[in-house]
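In: Fold the following and give me the result.
(one chain, ligands or ions: 1)
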Amino acid sequence: MKILFVCLGNICRSPAAEGIFNHKAREAGLPVSADSAGISAWHAGEKADRRMRQTAKNRGYDLTSISRPLISSDFEDFDYLIAMDDQNYDDLQAKAPDSGHLKKILRMRDFFSDKRFDHVPDPYNGGSKGFEMVIDLLEDASENLIQFIQKQ
Ligand code: 4NP
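Out: The predicted structure follows:
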């Protein structure tokens, strides 16, 4: 089982999702690996944003991914492609090579326990609270996603 987390820049939300999910899946002994990618190539080759890496580190997660753009073979290579927000979801749907791949595309909010939230907010232009919020939402969603996969 392979999962791809997708956001806009692949330097904040999806690298954090990758690191948190892989950490929790390892703890759960689940044979799943996660990667991440960006809708854009704006930050290709860069490490995750320094603020995101530091916030994650303080919470016990080491973010090691290097930003890369989504490529068309990702729709073949991954079992699920999980969008951080509705724009990422729409962009994924538009980029899917054929309609057979559409059912692989999910939203991270599908796995939120607290339904008052409906996306993982982009923290890039905000303050430190935004980065903490990203970790809070991703920890919760990763745990529920692991349960979803265990039931498959
Ligand atoms: P991400 O955040 O999609 O969570 O990686 C962003 C990073 C960079 C930009 C936008 C969002 N940007 O405009 O460069």
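In: show me what contacts residue 150?
Out: Going by CB atoms under 8 Å, 6 or more residues apart in numbering, residue 150 touches 28, 30. C-beta: built from backbone N, CA, C; applies to glycine.
In: Tell me the secondary structure at it.
Out: helix (DSSP: H, G, I helix; E, B strand; the rest coil).
In: again with residue 3
Out: Going by three-state DSSP: residue 3 is strand.
In: quick one: it and the ligand, what's the gap?
Out: From residue 3 across to the ligand, the span is 17 Å (CB to the nearest ligand atom, to the nearest Å).
In: How many neighbouring residues does the closest residue to that residue other than its chain neighbours have?
Out: In this structure, residue 3 finds its nearest non-sequential neighbour in residue 34, 4.5 Å apart by CB to CB, 6 or more residues apart in numbering. Neighbour count for residue 34, taken as other CB atoms under 10 Å: 25.
In: which stretch of helix or strand covers residue 34?
Out: Residue 34 is part of strand 33-38 when elements are defined by DSSP states H and E.
In: in that strand, what counts as buried?
Out: With burial defined by 16 or more other CB atoms under 10 Å, the residues of strand 33-38 counted as buried are 34, 35, 36, 37, 38.
In: now for that strand, which elements pack on it?
Out: On a contact count with 3 or more CB pairs under 8 Å, 6 or more residues apart in numbering; DSSP states H and E, strand 33-38 meets strand 2-7, helix 13-28.
In: I am finished for the moment; much appreciated.
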